[in-house]
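A.B. asks: Any chance you can model this:
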Amino acid sequence: MRWIRFTAEGRTAYGILEGDRIAEVAGDPFRGYDPTSRKHDLSAVKIEVPVIPPTFYAAGLNYVEHVMEMAAKRGETPNIPAKPDMGYRAANALIAHGENVVIPADATEKIHYEGEIVAVVGKKAKNLTEENALSCLLGWTIGNDVSERTWQKADRTFWRSKNTDTFKPMGPWIETDFDLDAAETIVRLNGEITSRFATNHMLFGVAKFMATMTKNITLHPGDVIWMGTDGVSPDVKHGDVVDIEITGLGHLTNPFIREGV
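C.D. replies: Numbering: from 1, shown residues only. Below you'll find the model as predicted:
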């Protein structure tokens, strides 16, 4: 099942996407819903961010090749994480499929993008085990972790480099029937593949992260967990378009524009 959040006729609602048609529901997939008689063509609606999360979690350095390539670019010895550590991002940075990533006028040319699988929590959960962790998920979506690398080096926290408005595209929908083990992530810049990797080839898997997190943290419906990326991206500039495909999920596509250009 594909859950889509959309705006049509001046209203924002959830619906179930069936091919190119949306069956609108009353309510949402987190707190409950009822079917309605309203139907919409996908081409006639504005796709919205699939959920505004109560808490936005993000795993960093979760693919070995990414750790090694980033270290090589900095001229450092790679430091492979020994345990899963989770960070946080800000919901203000979220934008939907098709919306513009806006590069601030004072940003440098070191703007990077990263294709990520995103786990969407469907049920309240605490003290999960690796065996039952995935049972609390509603489904999966796609994220693009945009970073301003010069700011990332300069700031003690990543408040600007990771959380600037529009720096976190997510969508286009939530897929509940998804085979993580079979999925491949394919990242394209202006139609050319810049990164391609097995989506589940993680240093620490989704279940491991969730079991570790919920020893101390309660997960709530609508929380999202971004799981990191593999490889590295080239610098992105005004006018570029980044497309992130995860097989079985679809495509998340966003143009990049520089403020004031």
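A.B. asks: Can you check the pLDDT for residue 27?
C.D. replies: Predicted confidence (pLDDT) for residue 27: 98.
A.B. asks: ok, residue 230 to residue 90 distance?
C.D. replies: 24 Å (CB to CB, to the nearest Å). Any C-beta I mention is one placed from the backbone N, CA and C, and that applies to glycine too.
A.B. asks: Which of those two has more residues huddled nearby?
C.D. replies: residue 230 (24 against 15; other CB atoms under 10 Å).
A.B. asks: buried stuff in stretch 42-61?
C.D. replies: Of the residues in stretch 42-61, 42, 45, 47-51, 53, 55-61 count as buried by neighbour count, 16 or more other CB atoms under 10 Å.
A.B. asks: for stretch 94-109, same thing?
C.D. replies: 94, 95, 96, 97, 99, 101, 102, 103, 104, 107.
A.B. asks: Of those residues, just say which sits nearest to residue 215.
C.D. replies: In terms of CB to CB, no member of the buried residues of stretch 94-109 lies closer to residue 215 than residue 94, at 27.2 Å.
A.B. asks: Would you mind confirming that that closest one makes contact with residue 168?
C.D. replies: Yes. The pair residue 94 / residue 168 is scored as a contact, 5.0 Å apart, by CB atoms under 8 Å.
A.B. asks: Please identify every residue contacting each of the two.
C.D. replies: Jointly contacting residue 94 and residue 168 under the rule CB atoms under 8 Å, 6 or more residues apart in numbering are residue 56.
A.B. asks: OK, contacts around residue 102?
C.D. replies: By CB under 8 Å, 6+ apart, the neighbours of residue 102 are 165, 166, 257, 258, 259.
A.B. asks: run the last query once more with 6 Å
C.D. replies: Contacts for residue 102 were tallied using CB atoms under 6 Å, 6 or more residues apart in numbering; they are 166, 257, 259.
A.B. asks: For PyMOL, write the selection for the buried entries among the residues you listed.
C.D. replies: Paste this into PyMOL to select the buried members of these, with burial taken from 16+ other CB under 10 Å:
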select buried, resi 166+257
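A.B. asks: Please parse this protein into its domains.
C.D. replies: Per the record, the chain has its domains at 1-47, 49-258, by automatic domain parsing.
A.B. asks: if you compare those domains, which one is most tucked away?
C.D. replies: domain 49-258 (a mean of 18; mean count of other CB atoms under 10 Å).
A.B. asks: avg pLDDT for that one?
C.D. replies: On average, domain 49-258 scores 95.
A.B. asks: Pull up the distance across it, start to finish.
C.D. replies: 22 Å (CA to CA, to the nearest Å).
A.B. asks: Tell me the one of the buried residues of stretch 94-109 nearest residue 182?
C.D. replies: Of these, the one sitting nearest to residue 182 (CB to CB) turns out to be residue 97, at 22.6 Å.
A.B. asks: Surely residue 118 and residue 226 touch.
C.D. replies: Yes. Between residue 118 and residue 226 there is a contact under CB atoms under 6 Å: 5.2 Å.
A.B. asks: Which residues are in contact with each of those two?
C.D. replies: residue 143.
A.B. asks: Tell me the secondary structure of residue 92, please.
C.D. replies: helix (DSSP: H, G, I helix; E, B strand; the rest coil).
A.B. asks: so what's it closest to, chain neighbours aside?
C.D. replies: residue 165 (5.9 Å; CB to CB, 6 or more residues apart in numbering).
A.B. asks: any idea how far that neighbour lies from residue 225?
C.D. replies: 22 Å.
A.B. asks: likewise residue 15?
C.D. replies: 24 Å.
A.B. asks: do the same with residue 204
C.D. replies: 12 Å.
A.B. asks: again with residue 146
C.D. replies: For residue 146 relative to residue 225 (CB to CB), the value is 18 Å.
A.B. asks: and residue 252, that's in a strand?
C.D. replies: Yes. Counting by three-state DSSP, residue 252 is located in a strand.
A.B. asks: check contacts around it.
C.D. replies: Shown in contact with residue 252 (CB under 6 Å, 6+ apart): 97, 142, 144, 169, 171, 244.
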